[in-house]
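Q: Any chance you could fold what I've pasted below:
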Amino acid sequence: MFCYQCEETARGTGCTIKGVCGKEDHTAGVQDVLIYLCKGISLRNMATIAKGAGNKDAGAFITEALFATLTNTNFDDERLKALIHQAVSIRDALPKSGDSEPEACTWTPKNDADIAAKAKEIAEQANVNDDVHSLRALVVFGLKGVAAYYHHAEMLGFTDPAITDYMQKGLASTLQDLPVDQMIAMVLECGEIGVKTLALLDTANTKTYGNPEITPVKTTVGTKPGILITGHDLRDMEQLLDQSRDNGVDIYTHGEMLPANAYPAFKKYKHLIGNYGSSWWHQKDEFDSFNGPVLVTTNCIVPPKDSYIDRVYTTGPAGYPGIKHIVKKADGTKDFSAIIEHAKKCQPPQQPKTNGRDLLTGCGHEAVLALAGTVIDAVKKGDIKKFVVMAGCDGRQTEREYYTEFAKALPKNTVILTAGCAKYRYNSLDLGDIGGIPRVIDAGQCNDCYSLVVIAKALAEAFGVGINELPVVYNIAWYEQKAVLVLLALLSLGVKNITLGPKLPGFVSPGVLNVLVENFNIGKNSTVEEDMKKMVPA
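A: This is a model prediction of the structure:
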């Protein structure tokens, strides 16, 4: 295997024996082959679309396939192989794109040994640190982020063929010998499509569940058995809440599902008790102590311990061998009765190892812009000197304590804008407020980074300045491919001077890094003291 798509990648260059995430080499290989075939589908389908035809369902399949290969999403080889065979079927139903096609358009595995051999070949070709491979990787990893966010919108009935067409255009481009300037343009276009996708998902969520409201969320446990729901899929959340009502079972959010507590549509469910635990990498302790069943709806599953593996259920793109998987029925709904009945037989959850402080969430763009006058006045008076965007991902490494210490060290006249699970590094700190404005403004899940863009644009308009002239600095933590897409989205909007950490991506070659530095002044974080001088000077 050779995998360098996430921040944890071994030695900062690539996992070659087993993924630090827990992914086995054979699983990484199956995922590589699936992406390879999606490239073949894309090349053929784009050629067919150019002739006025094409398979309209190919985009939906590629969305599902790319999401399944995202870090910590699907560890189940058999489900991934089923997608491989489906990919071959879709590709071979399309007409050839020309007389001479890349092998991704023609190769067909006869058995598992063929898949393994192709996986080895792909891994050997990927283990090259040059600008061409780097730019292709940036496009593919950005597209994985697009696929994840588009999937959520799609589940709520919101689609846009321009997005799925670009996914195929981007994948097809990696089979072509494009000049470097065209490849860079493709990367930036991926960022533009990222903004479009995030906006679509924001519309899908708010039209379906209402605009999030600033909401304190309890982190203490009740006395009834519970179900813990983690991941990002709000449609799964809705169905679980509806089906478990009046069953004597409490529902708790975990990780990236915390912001669900702020949607008006979910507040009618009195058995939605609050949030249990913190970010994704604490699963092994928190799932253990929860006592009840856990529903994993999307990515961020950690290989489970034997002590609770029988209590874990997956659904949607998530998967792990030996874990019960809840599938979508023909009518598009899901039946969560098995997990509800399981919960009834369990003990109530133990109090997690958190300080029990309420967590504030729901600070989406509508909620914050409702306070725009107060915020603008606070800036004009000097009560707020800086907004610090500390969005993105959390992770296991001790280096990530940097973000906690950075938040603690910020002057009291600064406000943190956040979205994603990075917030768990500081959202339970008592940082207070500025004239009623919370010093930690949590817009929600990582896909709610769009709210931060809307807020920044509104401030720029209010002050009559460009987005890079605002009193806003960016200190962003990344872990996986959705964060890559968010970064590309910011770059496509012209945002400069972004500080990224805790490590720079292993798939960015020196030449590509130089382009990012020269054009956007992107850089890596260092120490709290040094970065404080640079970003929030006294």
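Q: Does the residue nearest to Ile467 when sequence neighbours are not counted lie in a helix or a strand, and which?
A: Distance criterion C-beta to C-beta, 6 or more residues apart in numbering; nearest residue to Ile467, sequence neighbours excluded, is Ala460 at 5.0 Å. Yep, even glycine has a C-beta here, placed from its N, CA and C like the rest. Assessed by DSSP states H and E, Ala460 sits inside helix 449-463.
Q: what's the answer for Val473, then?
A: Take DSSP H and E as the rule and Val473 turns out to sit in strand 472-477.
Q: and the angle for that strand with helix 449-463?
A: The directions of strand 472-477 and helix 449-463 differ by 170 degrees, with axes from the mean of the first three to the mean of the last three C-alpha atoms, to 10 degrees as the criterion.
Q: helices or strands up against the helix holding Ala460?
A: Contact analysis of helix 449-463 by 3 or more C-beta pairs under 8 Å, 6 or more residues apart in numbering; DSSP states H and E lists helix 180-209, helix 365-369, helix 372-381, helix 481-492 as its packing neighbours.
Q: If we use 7 Å, what do you get?
A: helix 180-209, helix 365-369, helix 372-381 (3 or more C-beta pairs under 7 Å, 6 or more residues apart in numbering; DSSP states H and E).
Q: Show me how far the strand holding Val473 is from its chain's centre.
A: Put simply, strand 472-477 sits 17 Å off its chain's centre (C-alpha atoms, centre = their mean, to the nearest Å).
Q: on that earlier part again, neighbouring contacts of the helix holding Ala460?
A: 198-199, 202, 364-365, 368-369, 372, 376, 389, 391, 417, 419-420, 443-444, 466-467, 470, 472, 486, 493 (C-beta atoms under 7 Å, 6 or more residues apart in numbering).
Q: Redo the helices and strands packed on helix 449-463 as CSV? Include mean neighbour count, mean pLDDT and distance to Asn261.
A: Below are those laid out as CSV (neighbours: other C-beta atoms under 10 Å; pLDDT from 0 to 100; distance: least, C-beta to C-beta, whole Å):
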stretch, mean neighbour count, mean pLDDT, distance to Asn261
helix 180-209, 20, 97, 11
helix 365-369, 19, 95, 13
helix 372-381, 15, 94, 23
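Q: can you tell which of those is closest to Ile35?
A: Ile35 sits nearest to helix 180-209 of all the helices and strands packed on helix 449-463, at 15.2 Å, using C-beta to C-beta.
Q: after the closest one comes which helix or strand?
A: Next element after helix 180-209 (DSSP H and E): strand 215-217.
Q: So for that following strand, what gets flagged as buried?
A: Neighbour counts using 16 or more other C-beta atoms under 10 Å place 215, 217 of strand 215-217 among the buried residues.
Q: Ser289 and Ser307: what is the separation?
A: With distances taken as C-beta to C-beta, to the nearest Å, Ser289 is found 10 Å from Ser307.
Q: Out of the two, name the residue with the larger neighbour count.
A: Higher neighbour count among Ser289 and Ser307: Ser289, with 15 against 10, using other C-beta atoms under 10 Å.
Q: burial of the spatially closest residue to the more buried one that is not a sequence neighbour, as a residue count?
A: Nearest non-adjacent residue to Ser289, counting by C-beta to C-beta, 6+ apart: Gln350, 4.4 Å away. Using other C-beta under 10 Å, Gln350 is surrounded by 13 other residues.
Q: quick one: the helices in the stretch 1-150 of the chain?
A: In the stretch 1-150 of the chain, helices defined by DSSP state H, counting those that start in this stretch lie at 25-50, 58-68, 77-92, 112-126, 131-155, listed in chain order.
Q: Include distance to Asn519 when you put those into a markdown table, please.
A: A markdown table is the format used below for the helices of the stretch 1-150 of the chain (distance: least, C-beta to C-beta, whole Å):
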| stretch | distance to Asn519 |
| --- | --- |
| helix 25-50 | 27 |
| helix 58-68 | 27 |
| helix 77-92 | 36 |
| helix 112-126 | 26 |
| helix 131-155 | 14 |
